[in-house]
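Undergrad: Next comes the sequence, and after it the predicted model I'd like to discuss.
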Amino acid sequence: MAVWRNLTANDIESLMRVADAVHPGLPESALVFAERIKLYPEGCLALEEDNQVCGYAISHPIRHHQPPALDSLLGEISSNADQYYIHDVAILPKLRGRGLAAKCIDRLLEVAKRFPVTCLVSVYGTEPFWARFGFVSEPVGEDVREKLRDYGEDAVYLSRLNDQRDIFTQ
């Protein structure tokens, strides 16, 4: 049975295998993932089945409309962060279709409740998936549009208010 648990630095090698399989066109270094785990461990999860990491989630607070560029280090979490950012939810294809992503997102949105808004960059045409959790496209300035270009032509900045009920997975 697959379960979500806290991600640790010991999971980086396994996480990289999942990232390379799920996001071959959006590479990020192991240093990026290690830093996120160190800076905001409660927002970093591993999906484990049969003692193997088969998925992961990376999330953390940011300042309004300031998502990190792809494959970039944060340095720190801003003390005046006012949004929650879901950087990535990745699951190997063999585990998809079992409701595991929804369980993960529920956990991340529980952490995100401390902030008025949660945001993310949707890739690979996943906008309809994220819409099930209340995420909608949001107009952004040129600085965010520039970052989105690195995520691919179909990248869209989405956000949701955190005071709404998450009825989809209940």
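TA: It's in.
Undergrad: which residues are in contact with the longest helix along the chain?
TA: Longest helix in the chain by number of residues (criterion: DSSP state H): helix 100-112. With contact meaning C-beta atoms under 8 Å, 6 or more residues apart in numbering, helix 100-112 is reached by 2, 4, 42-43, 45, 47, 55, 57, 59, 84, 86, 89, 91, 118, 129, 132-133, 162, 166, 168-169. To be clear about C-beta, it is placed using only N, CA and C from the backbone, and glycine gets the same treatment.
Undergrad: rerun at 7 Å
TA: 2, 4, 42-43, 45, 47, 55, 57, 59, 84, 86, 89, 91, 118, 133, 162, 166, 168-169 (C-beta atoms under 7 Å, 6 or more residues apart in numbering).
Undergrad: Tell me the confidence at the residue of the chain lying at maximal distance from its centre?
TA: Of all residues in the chain, Asp50 sits farthest from the chain's C-alpha centroid, using C-alpha atoms, centre = their mean; the distance is 23.3 Å. Confidence at Asp50, expressed as pLDDT, is 96.
Undergrad: in this protein, what secondary structure element scores lowest on mean pLDDT?
TA: Ranked by mean pLDDT, DSSP states H and E, the weakest helix or strand in the chain is helix 142-149, scoring a mean of 93.
Undergrad: that older thread, of the contacts of helix 100-112, just the buried ones, ChimeraX syntax please.
TA: With 16 or more other C-beta atoms under 10 Å as the criterion, this ChimeraX line picks the buried residues out of the contacts of helix 100-112:
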select :2,4,43,45,47,55,57,59,84,86,89,91,118,133,162,166
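Undergrad: which residue packs closest to Trp4, ignoring adjacent ones?
TA: Leaving aside its sequence neighbours, Trp4 sits nearest to Leu45 (C-beta to C-beta, 6 or more residues apart in numbering; 4.9 Å).
Undergrad: Quick one: residues contacting that neighbour.
TA: So Leu45 contacts Trp4, Arg5, Asn6, Leu7, Tyr56, Ala57, Cys104, Arg107 (C-beta under 7 Å, 6+ apart).
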